[in-house]
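Asker: Build me a model from this:
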Amino acid sequence: MNDAQDMQIGERIKRLRRQRHMAQADLAQALGISASYLNLIEHNRRKVTVPLLFAIAGHFGVEPGELVDGDEGRLVGDLMEAFGDDIFADSDLTNLEIRDLAHANPAAARAILRLYDRYRLLAGDHPVATTPGGAEPFHLATDAISDFLQENSNHFPSLEAAAERIRADIDRTGDGFEHGLKAYLFNVFGVETRLASLPHGIARQRDPRRQHLLVSDILPAESALFLIAHHLGELAAGAEIDAVIAASALPKGDAPALARNVLSAYFAAALVMPYEPFLRACRHYRYDIERLGRRFSASFEQVCHRMTTLQRKGASGIPLHLVRTDIAGNISKRFSLSGIHIPRHSGACPRWNIYSAFLSPERINVQLSQMPDGQKYFCIARTVLKGDHRYNAPRRYMSIGLGCAIHHAREMIYSDGMDLTGESQVVPIGVGCRICPRLECGQRAHPPADHRFRFDENIRPESLYARMA
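Answerer: Down below sits the predicted model:
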């Protein structure tokens with residue numbers, strides 16, 4: 001491990017210990033070291049030996065690499081994106097200073113990000129109303145949820161356990177999962193499920209008077225099934241969901257309600273795609289998303305999401321990143337365990353295949369990507385179609401991007417026939433134009449934040465922003 005990595009490990013160990021409400025003395029005793037030595041490690045004043053690194057990882061149930069390659073890279077990227085704003089143009093902050101802040105004091109760095117989120121909200125063209133009592137505006141809550149999922153590695157053991165317990169009860173009926181799911185809802189909660197013609201834009205509706213759960217009859221079969229499982233999660237895993245939210249640092253306002261919906265969806269995915277069978281199928285089919293969708297009666301997007309949750313101790317899947325965007329570049333979902341940085345405040349690099357996927361709808365687009373720091377990633381992207389399944393109904397395309405670090409690429413079927421060691425197929429990408437140092441890029445929408453124009457009257461570059469001082 002190098003010095004930069006050493007500077008990050010102490011903070012990660014401290015964060016893991018605090019998340020589990022452990023005293024330093026208790027962790028030190030479990031590791032067979034003194035409390036004073038652990039204190040020095042947490043304050044980055046002692047190096048961590050490889051045997052001790054493995055002992056700490058084993059105690060917390062994480063992979064050793066997670067201690068070395070935690071979320072500081074994502075935090076650095078978010079900070080660089082924020083400090084790339086024009087309001088900091090005269091601050092003369094360097095990348096090294098921003099990295100030092102993230103590594104030495106990540107709590108302060110996250111506080112700065114929250115402050116910048118608030119600034120962007122207040123500086124917007126349209127005022128955002130708050131609920132009585134000053135509740136958080138909704139889109140700030142969505143950022144909080146993204147951070148919440150990232151901090152938990154998008155894995156919630158208590159929800160997995162609840163889903164496995166209920167799935168076992170459903171499977172005992174022997175009548176198939178869909179029939180057993182509806183029977184469970186009726187027998188345990190008195191809720192009868194029916195397909196119905198619902199108003200435009202309504203996918204599911206509860207009739208509390210008759211105890212009917214009405215599901216739109218124009219939804220794809222896998223979407224209807226997922227909505228029923230989602231409702232069961234609200235009823236059957238409510239205590240587990242409330243406990244997860246209570247233990248979180250989510251802000252008040254809309255965030256807890258949004259988290260409850262997200263965690264109910266997590267339960268639904270765990271119920272439809274049970275952990276162990278799904279992980280075995282992922283490995284057997286080599287992460288063939290469409291084949292897995294057929295196996296578990298799930299959509300492309302549902303399978304991609306479920307793949308990102310496979311982080312159980314001793315039985316984990318590939319560390320993946322996932323991003324979802326619309327055709328205008330608005331990122332609506334972002335999560336990364338691969339190490340790649342997904343922009344927090346703006347659209348991603350136009351060279352990412354998540355955008356070129358719109359040129360060939362519903363076909364899987366494969367890309368070898370390299371970030372400016374030299375790290376390479378194996379990425380796939382495909383569009384999915386949203387909207388009503390009725391004549392003349394408006395439709396919209398979203399693009400789903402999924403990927404991993406290059407050393408995991410051979411585990412995915414999409415890498416077959418590709419030269420992963422050569423440079424000919426590698427696409428240089430960045431995070432966003434304002435913080436990307438690639439001056440030779442002809443697809444720039446903005447100049448880098450730390451550069452100034454210098455025009456050469458004899459040369460007209462492909463992009464005005466591609467040649468800077």
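Asker: contacts, neighbours, all on C-alpha from now
Answerer: OK.
Asker: Identify the bridge partners of residue 213.
Answerer: Applying DSSP bridges to residue 213 gives these bridge partners: residue 193, residue 206.
Asker: Tell me the helix or strand right after the lowest-mean-pLDDT helix or strand in the chain.
Answerer: Using mean pLDDT, DSSP states H and E, helix 64-68 stands out as the lowest-scoring helix or strand of the chain, at a mean of 65. Next in sequence after helix 64-68, counting helices and strands by DSSP states H and E, comes helix 72-83.
Asker: Buried residues of that next one, list them for me.
Answerer: Buried residues in helix 72-83, counted by 16 or more other Cα atoms under 10 Å: 72, 73, 74, 75, 76, 77, 78, 79, 80, 81, 82, 83.
Asker: Just the endpoints, please. Distance across stretch 241-256?
Answerer: In stretch 241-256, first residue to last residue: 10 Å (Cα to Cα, to the nearest Å).
Asker: what do you get for stretch 277-295?
Answerer: Start-to-end span of stretch 277-295 (Cα to Cα) is 10 Å.
Asker: For that stretch, buried residues please.
Answerer: 278, 279, 281, 282, 285, 286, 287, 288, 289, 291, 292, 293.
Asker: for the second one, helix, strand, or coil?
Answerer: Looking back up the chat, that one is residue 279. At residue 279, secondary structure determined by DSSP: H, G, I helix; E, B strand; the rest coil is helix.
Asker: if you skip the residues just before and after it, what's nearest to it?
Answerer: Nearest residue to residue 279 in three dimensions, chain neighbours excluded: residue 317, at 6.8 Å (Cα to Cα, 6 or more residues apart in numbering).
Asker: what's the pLDDT at that neighbour?
Answerer: Predicted confidence (pLDDT) for residue 317: 94.
Asker: residues touching it, list them.
Answerer: Neighbouring residues of residue 317 by Cα atoms under 8 Å, 6 or more residues apart in numbering: 279, 307, 308, 310, 311.
Asker: quick one on the thing from earlier: any idea which of the buried residues of helix 72-83 is least confident?
Answerer: The lowest pLDDT within these belongs to residue 72, which sits at 64.
Asker: Convert stretch 181-193 to PDB, retaining C-alpha atoms only.
Answerer: Provided in PDB are the C-alpha atoms of stretch 181-193 (Å, rounded to 0.1, in the frame of the first residue of the first chain):
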ATOM      1  CA  LEU A 181     -47.300 -14.200  -3.800                       C
ATOM      2  CA  LYS A 182     -50.900 -13.200  -4.400                       C
ATOM      3  CA  ALA A 183     -52.100 -16.000  -2.000                       C
ATOM      4  CA  TYR A 184     -49.700 -14.800   0.700                       C
ATOM      5  CA  LEU A 185     -50.900 -11.200   0.400                       C
ATOM      6  CA  PHE A 186     -54.500 -12.400   0.800                       C
ATOM      7  CA  ASN A 187     -54.000 -15.100   3.500                       C
ATOM      8  CA  VAL A 188     -51.700 -13.000   5.700                       C
ATOM      9  CA  PHE A 189     -52.900  -9.400   5.100                       C
ATOM     10  CA  GLY A 190     -56.400  -9.900   3.600                       C
ATOM     11  CA  VAL A 191     -55.400  -8.000   0.400                       C
ATOM     12  CA  GLU A 192     -56.800  -9.300  -2.900                       C
ATOM     13  CA  THR A 193     -54.800  -8.500  -6.000                       C
END
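Asker: contacting residues around that stretch?
Answerer: Residues from elsewhere that reach stretch 181-193 (Cα under 8 Å, 6+ apart): 170, 211, 212, 213, 214, 215, 228, 229, 232, 235.
Asker: Let's see that with 6 Å instead.
Answerer: Applying Cα atoms under 6 Å, 6 or more residues apart in numbering, the set of residues contacting stretch 181-193 from outside is 211, 212, 213.
Asker: Just the buried ones from these?
Answerer: Buried by 16+ other Cα under 10 Å: 212, 213, out of those.
Asker: Columns distance to residue 15 and pLDDT on top of the contacts of stretch 181-193, output as a markdown table?
Answerer: As requested, the contacts of stretch 181-193 are arranged in a markdown table below (distance: Cα to Cα, whole Å; pLDDT from 0 to 100):
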| residue | distance to residue 15 | pLDDT |
| --- | --- | --- |
| 211 | 45 | 88 |
| 212 | 45 | 93 |
| 213 | 42 | 96 |
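Asker: With distance to residue 242 added, can I get the contacts of stretch 181-193 in JSON lines?
Answerer: JSON lines is the format used below for the contacts of stretch 181-193 (distance: Cα to Cα, whole Å):
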{"residue": "211", "distance to residue 242": "23"}
{"residue": "212", "distance to residue 242": "25"}
{"residue": "213", "distance to residue 242": "23"}
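Asker: Relative to residue 174, which of the contacts of stretch 181-193 is nearest.
Answerer: Set against residue 174, the nearest of the contacts of stretch 181-193 by Cα to Cα is residue 213 (23.0 Å).
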